[in-house]
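Student: One predicted model, sequence on top.
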Amino acid sequence: MRAAARNRRVLEAREWAGVEIAEADALRPETLGPALAGVEVAYYLVHSMAAGAEFGRLDREAAGHFARACAEAGVERIVYLGGLVPEGADSEHLLSRRETGERLREGPVPVTEIRAGIVVGPGSAAFEVMRDLVLHLPVMVTPRWVRASSPPLALPNLLHYLLEAARHPAMAGGTYDAAGPQSLTYEAMMRAICRRLGRREPWIVPVPVLTPELSAYWLKLVTAVPANVARALIGGLRHDFHADDAALRALVPQRLLDFDEAVAEALAAEARHAVAARWTEGAFMFRDYRPDYAYYAKRAGAEATTGASAGSLWRVVSAIGGENRYYAYDLLWTLREAADRLVGGVGLRRGRRDPDELRVGDVVDSWRVTGVEPGRRLTLGFGMKAPGAGVLELEVEDLGDRRRLAVTAYWHPAGFLGLAYWHAMFPAHLVLFRAMVREIARRALALDAGPRNEEPRQGRGPG
């Protein structure tokens, strides 16, 4: 098994045993050949919805590159996960899913296309939209699409279909609908999610004035699903979706989970993947093990390249906190800590276990060390009171004659209050992190220029 992504570090963070990691970008055809070398079956699980207005064109371009690269690499089969397309659909999201399959089939490699509607599992945009809404809005004024219906499919059932598609020669060149055992409205699905999580069902009031464009802005205000993804998704949600999955069920029989079972499995899947060495999207650990904290994170950060040595950069990074503080605008940090103390939090607690060494579980002021890759990455979990869960990562990457230093904050908001908190803090984050990377780089350069035994000013121990 070989997995490919544009950024290999994203896949390496998953720590999958026995899986080769490759870096490839479907919009850069020169990167696809090495990733496809020796591959018999290639799964195409790519979309460009997060790219914004041009995502349909990008999807077609990427699929064309991939079809040609598969032919050149001698791939025997492409398995493509597409989407159900209702009659009369005119949204770019739905049309793009269909056109992507058509572009893949223009090449000589046989394509098996499986078309699914709503997938019920962690990270599925439609599922995450519904979860965010029902967990944080007791009253919802919604678009009329909440009354549209779809046959939701549990993620484990979809994965089984995808795996089996590669094992059935008869499926080569075929297009198959995939669906769960029920057809439900979005309103019914949201109420079922509430019941499964033990929450009171919300008041849902559909109104005709919320157009797809207004609905996208509304979702941006009340959910953490990326804005471009939500905007693309909304265009298709107003349709009723129907699936004729008899052919697929005959070839690949399995017990299909109903919606309630699918939601239970999605929540259990999050809990099973509870430990992570570094931040990854949706990791349950970095959401404080809270299913009501958004799967998708907001993020802010800064990065810089520097001639400072990787060793010196890491010495400065790993000395963070305590008396060293945070290398820029320490007054802002102190004010935030004081505010936390006023509401009963751990703010103004200062110190480190050791002035030089960090290990997982250490407390650094109000942070907790959740991951350490010496010389490369430090991951800190946010410990102050706030409506959501936060992570701060500091990363050093060797680029040869230069080093890249990056500081990134990730925030998993708890509903509207969590989003409001993030937007209120965002301007300060932009200023703070830019100054922070500059100061870390400056101190590292000073270490390189000074006596070999010079140390950054160290933080004191607890107490």
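Tutor: Done, it's in. Numbers count the residues shown, from 1 in each chain.
Student: Got the confidence number for the residue nearest the centre of the chain?
Tutor: Closest residue to the average C-alpha location of the chain: Glu281 at 3.3 Å, with C-alpha atoms, centre = their mean. pLDDT recorded at Glu281 is 86.
Student: Asp244 versus Leu84, what's the distance?
Tutor: Using C-beta to C-beta, to the nearest Å, one gets 10 Å for the distance from Leu84 to Asp244. Glycine gets a C-beta too; all of them are placed from N, C-alpha and C.
Student: Check His429 too.
Tutor: Applying C-beta to C-beta, the value for His429 to Asp244 is 49 Å.
Student: What strand or helix carries His412?
Tutor: If you go by DSSP states H and E, His412 is part of strand 403-413.
Student: Report the buried residues of that strand.
Tutor: Across strand 403-413, burial judged by 16 or more other C-beta atoms under 10 Å covers Arg403, Arg404, Leu405, Ala406, Val407, Thr408, Ala409, Tyr410, Trp411, His412, Pro413.
Student: Likewise for stretch 303-313?
Tutor: Buried, per 16+ other C-beta under 10 Å, within stretch 303-313: Ala304, Thr306, Ala308, Ser309, Ala310, Ser312, Leu313.
Student: Show me how far that stretch is from its chain's centre.
Tutor: Here stretch 303-313 is found 28 Å from its chain centre; the criterion is C-alpha atoms, centre = their mean, to the nearest Å.
Student: Just the endpoints, please. Distance across that stretch?
Tutor: 13 Å (C-alpha to C-alpha, to the nearest Å).
Student: I'd like the mean pLDDT over that stretch, please.
Tutor: Rounded mean pLDDT across stretch 303-313 is 96.
Student: got a list of contacts for that stretch?
Tutor: 375, 396, 398-399, 401-407, 437-438, 440-441, 443-445, 447-448 (C-beta atoms under 8 Å, 6 or more residues apart in numbering).
Student: Which residues are in contact with each of Leu84 and Asp244?
Tutor: Taking C-beta under 8 Å, 6+ apart as the criterion, Leu84 and Asp244 both touch Asp177.
Student: what about the two, which has more around it?
Tutor: Leu84 (25 against 10; other C-beta atoms under 10 Å).
Student: residues contacting the more buried one?
Tutor: Leu84 is in contact with Arg115, Ala116, Gly117, Ser150, Asp177, Ala179, Phe241, His242, Ala243, counting by C-beta under 8 Å, 6+ apart.
Student: how about the residues you listed in TSV, adding distance to Glu99 and secondary structure?
Tutor: Below are the contacts of Leu84 laid out as TSV (distance: C-beta to C-beta, whole Å; DSSP: H, G, I helix; E, B strand; the rest coil):
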residue	distance to Glu99	secondary structure
Arg115	13	strand
Ala116	17	strand
Gly117	18	coil
Ser150	21	strand
Asp177	17	strand
Ala179	22	coil
Phe241	18	coil
His242	20	coil
Ala243	19	coil
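Student: Of these, keep whichever come out buried.
Tutor: Arg115, Ala116, Gly117, Ser150, Asp177, Ala179, Phe241, Ala243.
Student: now those in JSON lines, with distance to Arg9 and pLDDT?
Tutor: Shown next, in JSON lines, are those (distance: C-beta to C-beta, whole Å; pLDDT from 0 to 100):
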{"residue": "Arg115", "distance to Arg9": "32", "pLDDT": "95"}
{"residue": "Ala116", "distance to Arg9": "29", "pLDDT": "94"}
{"residue": "Gly117", "distance to Arg9": "32", "pLDDT": "88"}
{"residue": "Ser150", "distance to Arg9": "35", "pLDDT": "91"}
{"residue": "Asp177", "distance to Arg9": "36", "pLDDT": "97"}
{"residue": "Ala179", "distance to Arg9": "36", "pLDDT": "96"}
{"residue": "Phe241", "distance to Arg9": "36", "pLDDT": "88"}
{"residue": "Ala243", "distance to Arg9": "37", "pLDDT": "94"}
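Student: Tabulate those residues (JSON lines), appending distance to Ser91.
Tutor: Listed next are those as JSON lines, based on distance: C-beta to C-beta, whole Å:
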{"residue": "Arg115", "distance to Ser91": "15"}
{"residue": "Ala116", "distance to Ser91": "16"}
{"residue": "Gly117", "distance to Ser91": "14"}
{"residue": "Ser150", "distance to Ser91": "14"}
{"residue": "Asp177", "distance to Ser91": "18"}
{"residue": "Ala179", "distance to Ser91": "19"}
{"residue": "Phe241", "distance to Ser91": "12"}
{"residue": "Ala243", "distance to Ser91": "18"}
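Student: so which strand or helix has the residue nearest to the centre of the chain?
Tutor: Judged by DSSP H and E, Glu281 forms part of no helix or strand.
Student: which regions of the stretch 51-200 of the chain lie under the pLDDT threshold?
Tutor: Applying pLDDT under 70 to the stretch 51-200 of the chain picks out residues 51-53.
Student: let's see it at 50
Tutor: The stretch 51-200 of the chain contains no residues with pLDDT under 50.
Student: What segments of the stretch 51-200 of the chain are strands?
Tutor: 77-83, 111-116, 119-120, 139-142, 149-150, 153-154, 175-178, 184-185 (DSSP state E, counting those that start in this stretch).
Student: Looking at these, spot the one closest to Pro355.
Tutor: Across these, Pro355 has its closest neighbour in strand 119-120 (48.6 Å, C-beta to C-beta).
Student: Give the partner strands of that closest one in its sheet and their orientations.
Tutor: Sheet pairing of strand 119-120 (DSSP bridges) gives strand 153-154 (parallel).
Student: Which residue ranges make up each domain of this protein?
Tutor: For the chain, automatic domain parsing gives the domain ranges 38-272, 298-449.
Student: can you tell which of these is closest to Ala24?
Tutor: domain 38-272 (8.9 Å).
Student: starting at the chain centroid, how far to that closest one?
Tutor: Counting by C-alpha atoms, centre = their mean, domain 38-272 is centred 16 Å from the centre of its parent chain.
Student: Quick check: end-to-end length of it?
Tutor: OK, domain 38-272 end separation, C-alpha to C-alpha: 33 Å.
Student: Make 589 the first number, not 1, from now on.
Tutor: Noted, 589 is the first residue going forward, which turns the last one into domain 626-860.
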